[in-house]
Structures are given as C-alpha cells and as structure tokens.
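Engineer: Would you be able to build a 3D model of this:
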Amino acid sequence: MTLPWSIQEIAEVIGEDNAIHLIRSLPTYSEGGTTRTILYVPKSLKPNHRLVEILGWDTACKLVEGFGGEILKPANANSIERRDRDALIVRLANDDMKPVDISKAVNITARQVRNILRRREMPGEELRSANDA
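Structural biologist: Have a look, this model is predicted:
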C-alpha cells in the first residue's frame with residue numbers, strides 16, 4: 001500500500017522514511033471533529049529551526065528547496081499508523097493467528113480485524129476466510 005498523496009509528495013523530495021518521520025513529529029489540531037496536520041515550510045532556514053531539529057540540516061534544506069514558502073496540509077500520522085497496523089494484521093493472519101487473538105494483540109475488535117482482512121488481501125497471498133476462525 002502506498003502513502004497518501006499529500007505525504008507521497010513530501011517523500012518524493014526528502015525520501016519516504018524522512019517524510020514519515022516528519023509527519024509523526026508534527027503537531028496536530030482538531031477541526032470539526034477531524035484531526036489535521038499543517039506545516040509551513042520557510043523560504044530559508046536557520047540552524048535552530050524546528051525542521052532542522054526533526055530532519056537534520058541537509059534533509060530540511062531539501063524540503064525548503066522543494067516547498068519553501070508553502071503551507072502544506074499533509075495527512076496526519078493516523079493514516080500511516082493504520083497502514084502499518086493493517087499490514088501487521090495481514091502478516092499475523094498469514095501466520096495462522098486467529099482474528100480474536102490478533103484483535104487482542106493490536107487492541108481492536110475481532111470484527112474490525114475480519115473487516116481489515118477482507119479488504120486487505122495481499123497480492124499472491126491467500127488469507128483464510130473469516131469463518132475459519
């Protein structure tokens with residue numbers, strides 16, 4: 001599964017690992033019941049800027065070069081966390097772990113696990129039916 005487009009744009013400039021680290025480091029705010037992330041990328045950097053603290057000088061400079069002066073509204077870290085959680089659920093199911101046990105391991109309901117498994121079939125890998133649990 002790929003990153004949301006708003007994060008992928010950043011990843012194309014600073015790399016996927018750096019983009020994920022940046023998104024996880026950004027503060028969030030609530031607007032109308034939705035959690036949002038916003039990032040202003042300055043046109044120039046000072047060595048003590050928060051982006052330098054998060055990414056290091058060279059990577060922060062790449063971000064400024066690509067987006068300097070822009071206000072970015074990337075997806076928040078929840079989308080990344082869900083992607084990672086869902087991938088873990090699929091791996092555990094492929095290792096013959098039952099949905100009820102997976103649900104306890106990832107702290108969601110067994111029903112949610114079965115729903116994720118139904119829509120997350122990995123190419124080339126077959127998952128057991130939720131009824132087999």
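
Engineer: List the buried residues in the longest helix seen in the chain.
Structural biologist: Longest helix in the chain, counting residues (DSSP state H): helix 77-94. Within helix 77-94, the residues scored as buried using 16 or more other C-beta atoms under 10 Å are A77, I80, R83, D86, I89, V90, L92, A93. Using the backbone N, CA and C atoms, a C-beta is placed for each residue, glycine as well.

Engineer: quick check, nearest of those to I14?
Structural biologist: I80 (15.0 Å; C-beta to C-beta).

Engineer: Name the nearest residue to that closest one, ignoring sequence neighbours.
Structural biologist: Ranked by C-beta to C-beta, 6 or more residues apart in numbering and with sequence neighbours excluded, the top spatial neighbour of I80 is I20, at 5.7 Å.

Engineer: What strand or helix carries the one you found?
Structural biologist: For I20, the element it lies in under DSSP states H and E is helix 16-25.

Engineer: mind checking how far that helix is from the chain centre?
Structural biologist: Offset of helix 16-25 from its chain centre (C-alpha atoms, centre = their mean, to the nearest Å): 8 Å.

Engineer: Can you pull out the residues in contact with the helix or strand just after that helix?
Structural biologist: On the C-terminal side of helix 16-25, the nearest following helix or strand under DSSP H and E is strand 28-31. With contact meaning C-beta atoms under 8 Å, 6 or more residues apart in numbering, strand 28-31 is reached by T35, R36, T37, I38, N76, A77.

Engineer: Which strands border strand 28-31, and is each parallel or antiparallel?
Structural biologist: strand 34-37 (antiparallel) (DSSP bridges).

Engineer: Show me which residues of the partner strand are buried.
Structural biologist: In strand 34-37, counting by 16+ other C-beta under 10 Å, buried: T37.
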